[in-house]
Each structure stands twice: as C-alpha cells, then as structure tokens.
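> build me a structure from this.
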Amino acid sequence: MSFYRVVVVGVGYVGLTTAACLASLGHHVVCADIDEAKVAALREGRVSILEPGLTELVAKGLAAGRLEFVVGARAAVGEAEVVFLCLPTPMGAGGAADLSAVEAVIAEVRGLLPPGCVLVTKSTVPVGTAARVTELLGRGDVAVVSNPEFLCEGSAVDDFMHPDRIVVGSDVQHAAERVAALYARVGVPTVLIDAASAEMVKYAANTFLAMKLSYVNAMAELCERLGADIADVAEGMGFDHRIGQSFLRPGPGWGGSCLPKDTHALLRMSEAAGFDFSLLRATIETNEGQRDRVVEKVRAAVDGRLDGARLGLLGLAFKAGTDDLRDSPALAVAHRLREEGAELVAFDPAVPAAVVGVTDDVAVVSDAGQAVKGADAVVVLTEWPEFRKLDWADMAGRMSGRVVVDTRNVLDQDILGLANLSVIGIGR
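Numbering: from 1, shown residues only. Modelled structure (predicted):
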C-alpha cells in the first residue's frame with residue numbers, strides 16, 4: 001500500500017476528522033487553517049469539537065509525527081500529493097451554497113500546487129463545482145476530484161473508518177484512483193464516477209434523508225389523528241430492508257449544519273435548471289410546519305396560554321451526541337415560544353453556558369433540576385439518553401405544572417406516570 005503526503009485545508013468538523021483519520025491510516029497529513037488560536041491549540045492536542053475518539057486520534061497522529069498543523073494554506077501545499085478542501089459552504093442568498101471560502105483558497109494556492117498534485121473538494125458543493133474549480137485553477141497539471149463526506153456528528157470518526165461506501169468522482173481517471181487509494185485500508189466499496197455525479201450523490205443522499213424525516217413526522221401527525229402509535233408503525237416499517245430503521249424517529253423537525261443547507265441548495269439548483277422539485281419543496285415546508293406543531297403541543301400543555309408561562313427546556317443541540325447548535329430545531333422551537341411571551345430556562349449536557357447570539361431566547365443553566373424548577377411545563381427537545389434516566393419523581397417535585405412535552409419520544413411514560421406527570425409525545 002502507498003502512503004501519501006496529504007494537505008487538509010480547514011480544520012473544522014469535517015477537516016479535522018478527515019485529517020486525523022487519514023493520519024491514522026498511515027498518511028502524512030498537514031492541516032492548514034487561518035485561525036491562529038485554533039492551530040496553536042491543535043498543535044498541543046487540544047480539540048474543541050465534541051466528537052468521540054477524535055481527541056485521541058489527534059494525539060496519536062501528533063505523537064507519531066504523521067499529523068501537523070500550520071497557519072494558512074500557502075505554508076502547507078508546497079510538497080502535497082493530495083490537497084483536500086474542507087471549507088465552509090454555508091447557505092447564501094436565496095439558499096444557494098456560498099463558495100467564497102473555496103474560491104479564496106484556490107486563488108491563494110493555485111500557483112503553489114506542485115505539478116501532478118490532486119485537488120479534492122471534500123466540502124459539499126453544487127453540481128458543476130469541480131469543472132468550475134478546474135477553470136479557476138488554470139492548471140492542466142493539477143487534476144480536480146470530488147470526494148464527498150458522509151459523516152454524522154457524534155459518530156464522525158466511526159463513519160470515516162467504517163463507511164458504507166466511498167464516493168470518488170473525477171474526469172481524470174488516475175486522479176480518482178489516487179484519492180481512492182488513500183482509503184485502501186478502510187476496505188469498503190468505492191464508487192468511481194464522474195465529478196458531477198459525485199457532487200450530486202451528496203445532495204441526493206442528504207435530501208433523501210430529509211424527506212424520510214419529514215415523512216415520518218407527517219405520519220406521526222396522522223397516527224395521532226387515527227389512534228395509531230408512530231413508534232410501533234416505524235418499527236413495523238423499519239424491518240423492511242427496502243426502508244431500513246434509520247431516520248424513522250419523529251421529532252421537532254430536522255436541522256444541523258447539513259440538511260437545511262443542502263436541501264435549500266438543491267432546490268435552488270433545481271430551479272436554475274428549470275425543474276420544479278415539488279417533492280423537495282414539500283419536504284422543507286413539512287419541516288417548518290413541524291416546529292409549529294410542537295409549539296401547539298406546548299400551548300396545550302399550559303392550558304392555551306404561552307404568554308407568561310415558565311417552560312423548562314431539556315436539550316438545545318440539534319441532536320444528541322453533539323454540542324452543535326447550528327440550525328437546531330430545539331432553538332427554532334424556543335424562538336417561537338419566546339415570541340409568544342414564554343419564559344424559557346434550558347439545560348443541555350453539551351451546552352454548559354449561554355452562547356451569545358445563538359441562545360439569546362433562553363436562560364441556560366447547568367443541570368436539569370434548575371431548568372424544570374417552577375416550570376408550568378417541561379419540553380424535551382433533544383434526545384439525550386440522560387433525560388430518560390432523570391429522577392422524574394424529583395423533577396415533578398420541582399415543577400409547578402404536571403405536563404411534559406416529549407418531542408423525541410425518549411421518555412418512559414410509565415415512569416413519569418408514577419411521578420404523577422402527564423406526557424404529550426409525538427405521534428402517539
């Protein structure tokens with residue numbers, strides 16, 4: 001097996017995971033970022049991202065001399081055989097992906113890349129970006145490859161090391177084969193396709209998952225109206241191998257750093273191509289409506305009056321296992337509740353303190369007991385397993401009201417019933 005000199009530009013969630021995992025596979029990896037403080041911390045093995053196993057992998061890479069961190073892409077690419085761009089592509093005007101960070105790095109390094117180097121877009125980028133990057137580079141001796149990531153927060157290291165597949169797309173065969181070779185020790189199917197198709201795979205996968213979540217939330221509402229239980233329905237569906245059990249849990253809506261951005265970006269691409277993607281539009285609209293449905297459940301829990309109601313919120317992160325608050329449905333629901341005059345006190349085991357400009361609608365406290373103290377109702381918004389294990393008799397004694405709105409169906413209704421608490425779930 002060959003080992004390569006790899007550069008990763010951008011040490012955020014995707015970039016740092018990619019770098020640490022590639023180093024663990026035997027490659028020599030240099031990570032570049034413009035944030036000097038972040039680079040300094042990483043050189044000392046201090047990882048600020050909450051991701052199981054990542055801190056340990058970074059420490060091992062540093063100790064083995066296969067992982068290093070530098071400030072700026074210019075300082076990193078001179079001897080690179082493969083350069084990964086792991087840069088933010090946030091939602092821009094009208095929902096399209098903002099590629100300004102990608103374009104800025106290309107402008108910075110295009111004259112510094114060694115001949116024969118392969119430039120890889122790891123970030124989620126619109127279909128046609130590889131062709132655009134090739135044009136911006138203006139280098140016939142540097143090939144461009146699309147290698148989309150499929151990492152889930154909370155399991156990113158495991159997802160990288162044990163993926164379902166690896167997708168590599170390029171119009172230059174030898175470049176695609178070099179990138180595929182980086183993963184030789186992973187030992188999973190590799191899909192070698194053209195660049196545009198590889199770029200589309202990421203959007204197609206993420207929007208399908210978003211559709212699945214919107215579908216199960218819609219089914220949950222129908223179950224409520226017809227007297228069925230969505231948990232039982234989802235279990236019965238999930239054993240069908242054509243459907244599978246993942247992404248069949250109802251909740252307050254989907255969010256995070258990927259699904260909202262990618263669904264809107266694909267919708268904009270569809271419109272630009274003259275295609276009316278009504279199914280995707282309905283998926284997004286259903287997700288927005290789910291947040292309103294949760295607000296109505298909370299309203300019912302406080303006898304129809306949110307103005308002045310004190311609510312204890314359990315969970316702020318967009319899902320359990322991460323501290324990521326980006327596009328969190330928990331925060332979206334909290335914002336709606338605050339707009340209606342509710343007083344909100346929140347606890348999340350991964351969010352120890354308020355985040356200015358993000359959690360402004362709520363008072364963030366350090367334990368669940370403080371969050372529920374004097375609450376007219378409690379609302380579970382993130383599916384942390386810790387919430388199921390709380391002493392609900394003690395929680396009931398701290399509350400003013402008797403109702404818990406469980407938007408994740410994570411609690412044991414029988415245990416809460418013994419504490420004289422009523423539970424309003426989703427789809428049951």
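> which residues does stretch 172-192 contact?
1-2, 4, 6, 22, 25-27, 81-82, 118, 120, 143-145, 147, 161-170, 198, 201 (Cβ atoms under 8 Å, 6 or more residues apart in numbering). Every C-beta, even on glycine, is put in place using the N, C-alpha and C of the backbone.
> which ones among those residues map onto helices?
Among these, the members found in helices (DSSP state H) are L22, M161, A198, V201.
> let me know the pLDDT of the third one.
Among the per-residue scores, A198 shows a pLDDT of 97.
> look up the closest residue to it, ignoring the ones flanking it.
Nearest residue to A198, sequence neighbours excluded (Cβ to Cβ, 6 or more residues apart in numbering): G169, at 2.4 Å.
> which among the contacts of stretch 172-192 end up buried?
4, 6, 22, 25, 27, 81-82, 118, 120, 143-145, 147, 161, 163, 166-170, 198, 201 (16 or more other Cβ atoms under 10 Å).
> among these, which lie within strands?
Using DSSP state E, V6, V82, V118, V120, A143, V144, V145, I166, V167, V168, G169 are the members of those that sit in strands.
> and the fifth one, what does it touch?
The reference is to A143. V118, L119, S170, V172, H174, A175.
> quick one: which of the residues you listed is nearest A63?
Closest approach to A63 among the contacts of A143 (Cβ to Cβ): V118, at 27.8 Å.
> so where's the chain uncertain?
Where the chain drops to pLDDT under 70, the residues are 1.
> now with 80?
1, 93 (pLDDT under 80).
> turn the ones in strands among the buried ones among the contacts of stretch 172-192 into a markdown table, columns for distance to R293.
Shown next, in a markdown table, are those (distance: Cβ to Cβ, whole Å):
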| residue | distance to R293 |
| --- | --- |
| V6 | 46 |
| V82 | 47 |
| V118 | 47 |
| V120 | 41 |
| A143 | 49 |
| V144 | 44 |
| V145 | 43 |
| I166 | 38 |
| V167 | 35 |
| V168 | 41 |
| G169 | 39 |
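> and of those residues, the nearest to A231?
V167 (33.2 Å).
> okay, and the beta partners of the closest one?
V191 (DSSP bridges).
> quick check: it vs V179, distance?
10 Å (Cβ to Cβ, to the nearest Å).
> anything in contact with each of these two?
With Cβ under 8 Å, 6+ apart as the test, V167 and V179 both reach N147.
> surely the residue nearest to A198 meets N147?
Yes - contact criterion Cβ atoms under 8 Å: G169 and N147 qualify, at 7.4 Å.
> hey, where'd the helices end up in the stretch 51-200 of the chain?
All helices of the stretch 51-200 of the chain, identified by DSSP state H, counting those that start in this stretch, fall at 54-64, 100-109, 129-137, 156-161, 173-181, 195-226.
> G10 is nearest to which of the ones you listed?
Comparing the helices of the stretch 51-200 of the chain by Cβ to Cβ, helix 100-109 comes nearest, at 7.8 Å.
> report the contact partners of the nearest residue to W384 once chain neighbours are set aside.
Distances taken as Cβ to Cβ, 6+ apart put A320 closest to W384, at 4.7 Å, once the chain neighbours are dropped. Going by Cβ under 8 Å, 6+ apart, A320 touches G154, T382, E383, W384, P385.
> any chance of the residues you listed in a markdown table, with secondary structure too?
Shown next, in a markdown table, are the contacts of A320 (DSSP: H, G, I helix; E, B strand; the rest coil):
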| residue | secondary structure |
| --- | --- |
| G154 | coil |
| T382 | coil |
| E383 | coil |
| W384 | coil |
| P385 | helix |
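> Throw the residues you listed into TSV and include distance to A218 and neighbour count, thanks.
Formatted as TSV, the contacts of A320 follow (distance: Cβ to Cβ, whole Å; neighbours: other Cβ atoms under 10 Å):
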residue	distance to A218	neighbour count
G154	25	19
T382	21	29
E383	19	21
W384	25	23
P385	26	10
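> tell me which residues in the strand or helix carrying T286 are buried?
Under the criterion of DSSP states H and E, T286 resides in helix 278-301. Under the neighbour-count criterion of 16+ other Cβ under 10 Å, helix 278-301 has 280, 283-284, 286-287, 290-291, 293-295, 297-299, 301 buried.
> partner strands of the helix or strand just after it, with direction?
Following helix 278-301 in sequence order, the next helix or strand is strand 310-314 (DSSP H and E). Here strand 310-314 is paired, per DSSP bridges, with strand 343-347 (parallel), strand 377-380 (parallel).
> about what we covered before: what lies in contact with the helix holding T286?
The contact list for helix 278-301, computed with Cβ under 8 Å, 6+ apart, reads 207, 210-211, 213-214, 217-218, 221, 251-254, 263-264, 266-267, 270, 305-306, 311, 329, 332-333, 336-337, 340, 342, 376-377, 379, 401, 403-405, 407, 424, 426.
> 6 Å - rerun?
Identification of contacts with helix 278-301 by Cβ atoms under 6 Å, 6 or more residues apart in numbering yields 207, 210-211, 214, 217-218, 252-254, 263, 267, 306, 332-333, 336, 377, 379, 403, 405, 407, 424.
> same thing with stretch 245-262?
With Cβ under 6 Å, 6+ apart, stretch 245-262 has contacts from 91, 203, 206, 209-210, 212-213, 216-217, 220, 230, 234, 238, 287, 290-291, 294, 318, 326-329, 333, 381, 407-408, 426-427.
> before we move on, back to that, now, of the contacts of helix 278-301, which are buried?
207, 210-211, 214, 217-218, 252-254, 263, 267, 306, 332-333, 336, 377, 379, 403, 405, 407, 424.
> give me every residue that touches V58.
If you count contacts by Cβ under 6 Å, 6+ apart, then V58 has A20, G45, V47 around it.
> what's the burial count for the closest residue to L314 other than its chain neighbours?
Nearest non-adjacent residue to L314, counting by Cβ to Cβ, 6+ apart: V380, 4.7 Å away. Neighbourhood size, V380 [other Cβ atoms under 10 Å]: 26.
> residues in contact with V380?
When contacts are counted by Cβ under 6 Å, 6+ apart, V380 touches L314, F387, D406, T407, R408.
> show me those that map onto helices.
Going by DSSP H, the helices hold F387 from the contacts of V380.
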